[in-house]
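In: coordinates for the following, if possible.
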Amino acid sequence: MVTKSKEKVKKDDYEKALSAYDLAMKAYHKGEYEKTSELLKAFLDKFSSEKELADRARIYLEICGALQKKEKVQLKTFNDYYEYSIFKINQGDYEEALNLLEKAQEMKPKEGKISYLIANTYCLMGQGESCLEHLKKAIKLDKFFGILAQNEADFEPLWEDKKFKLITRMV
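Out: Residues are numbered from 1 along each chain as shown. Model (predicted):
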């Protein structure tokens, strides 16, 4: 027979476990994955008997481990930077894509596809003026980009813009 004092101790232990788990989850939601990992390890050391919470803690510990691993991509050539910038654009990491495109442009300053992709990225970011500036540069390097831009869905927000029409009709 479980006494009231044993029941109260069990309830208090569960409350402490819940509090410790909650603290780890707050760090997780702030994006503090290293801190979360430390808190979850401490939680598991102390409260592994709380099976449901411990199972969740182990899952979040694995997630934090994966999130802490840095991408290790060796970029050396123009094509490396170009291709990886496309990957970053597709991920929605436009700032990083622009950084990569700048490096590619330093390697081949007269490569129109870089200016075109920079224009495309700025358009996706909603920065029309920067977009048009780079699109104009791309078209000066290769008139084909004017035709391409007129049919590229990413440029649709600018299709009715007078400057866009003027720039793309330079072909």
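In: quick one: residues contacting the residue most central in space within the chain.
Out: What sits nearest the mean C-alpha location of the chain, by Cα atoms, centre = their mean, is Asp93, with 5.0 Å. For Asp93, no contacting residues are found, by Cβ atoms under 8 Å, 6 or more residues apart in numbering. To be clear about C-beta, it is placed using only N, CA and C from the backbone, and glycine gets the same treatment.
In: pLDDT score assigned to it?
Out: As summarised for this prediction, Asp93 has a pLDDT of 89.
In: Ala17 versus Thr121, what's the distance?
Out: Using Cβ to Cβ, to the nearest Å, Thr121 is found at 47 Å from Ala17.
In: okay, now the domains of the protein?
Out: Taking automatic domain parsing as the domain assignment, the ranges for the chain are 4-68, 78-168.
In: residues contacting Phe155?
Out: With contacts taken as Cβ under 8 Å, 6+ apart, Phe155 has the following neighbours: 120, 123, 131, 135, 149, 164.
In: if you set the cut-off to 10 Å instead, what comes out?
Out: Phe155 makes contacts with 119-120, 123-124, 128, 131-132, 135, 148-149, 161, 164, 168, as judged by Cβ atoms under 10 Å, 6 or more residues apart in numbering.
In: skipping adjacent residues, who's closest to Tyr82 in space?
Out: When the adjacent residues along the chain are set aside, Tyr82 lies closest to Ala104, with 5.1 Å between them (Cβ to Cβ, 6 or more residues apart in numbering).
In: so which bits of the helix or strand hosting the one you found are buried?
Out: For Ala104, the host element (DSSP states H and E) is helix 94-107. For helix 94-107, a neighbour-count test (16 or more other Cβ atoms under 10 Å) marks 94, 97-98, 100-101, 103-105 as buried.
In: turn the residues you listed into JSON lines, columns for distance to Tyr33.
Out: Supplementary listing: those in JSON lines, determined by distance: Cβ to Cβ, whole Å:
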{"residue": "Tyr94", "distance to Tyr33": "23"}
{"residue": "Ala97", "distance to Tyr33": "24"}
{"residue": "Leu98", "distance to Tyr33": "26"}
{"residue": "Leu100", "distance to Tyr33": "24"}
{"residue": "Leu101", "distance to Tyr33": "29"}
{"residue": "Lys103", "distance to Tyr33": "28"}
{"residue": "Ala104", "distance to Tyr33": "31"}
{"residue": "Gln105", "distance to Tyr33": "34"}
